[in-house]
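Peer 1: no sequence for this one, just the structure:
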């Protein structure tokens, strides 16, 4: 560990951001080994390591944020409400978006997009129950430096509500469509727009929805070409894919 990292580690301990035990693990080289942290992923892949918060203790999340945050802005996803509030107390300079399950150091996830509604990435949410996943996609896209906007509650049960958003949809470079139930929204969009569509099934629905399996299969079987599908409730993965698509397109323009 270089001197500047050691100084920062000691300051974090003094401020109560990480425990003495966690700091000892970092000094002994055990912190990265146990949590398998990868601070140099950003240079290799253009997307840095993100902390997946579900199932982790507060100390594990806080330690990972402290270590990864030394190198570049860092994001944690699937954060519970209680962990979010505790992380905000530990890192008052951090950005908590409780409704999206996101916590970030080094970026403002809640800053409005100055290009909205004509953003490069347009996230479309079928219903209000799909909003947590849609917001996860939106916050992740903003963390990744993308121009992104959310159009909510425009699913097939009220398809007329999609019409006012068509101008924005038709100029977007990537569309992320978030839907549960039967998962029909991406197919509808696929027949209306030219941009690639990233479909995100959610675990929203009644019993035959099988916790998101029904919309996942429906999206995989879409008759509209140009629709790609990520895993159930994976708003984060959809935003990362949008980042990679736009980066690749820009580099070869």
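Peer 2: That came in fine, so what should we check first? These numbers come from a predicted model, not from an experiment.

Peer 1: can we go C-alpha only for contacts and neighbour counts from here?
Peer 2: Noted.

Peer 1: helix/strand/coil for residue 96?
Peer 2: The three-state label given to residue 96 by DSSP: H, G, I helix; E, B strand; the rest coil is strand.

Peer 1: ok, and the closest non-adjacent residue to it?
Peer 2: Sequence neighbours aside, residue 103 is the residue nearest to residue 96 in space, at 4.5 Å (criterion: Cα to Cα, 6 or more residues apart in numbering).

Peer 1: helix, strand or coil for the one you found?
Peer 2: Here residue 103 is recorded as strand under three-state DSSP.

Peer 1: list the contacts of it.
Peer 2: 75-77, 79, 84, 87, 94-97 (Cα atoms under 8 Å, 6 or more residues apart in numbering).

Peer 1: please repeat the previous calculation with a cut-off of 7 Å.
Peer 2: 75-77, 84, 95-97 (Cα atoms under 7 Å, 6 or more residues apart in numbering).

Peer 1: return the helix or strand in the protein with minimum mean pLDDT.
Peer 2: Ranking every helix and strand in the chain by mean pLDDT, DSSP states H and E puts helix 30-35 at the bottom, with a mean of 50.

Peer 1: pLDDT averaged over the next helix or strand after that helix - what is it?
Peer 2: Remark: after helix 30-35, the chain's next helix or strand is helix 41-45, criterion DSSP states H and E. Mean pLDDT, helix 41-45: 80.

Peer 1: can you start the count at 33 instead of 1 from here on
Peer 2: Got it, first residue is 33 now, which makes that one helix 73-77.

Peer 1: so what's the gap between helix 73-77 and the chain middle?
Peer 2: Averaging C-alpha positions (Cα atoms, centre = their mean, to the nearest Å) puts helix 73-77 17 Å from its chain's average.
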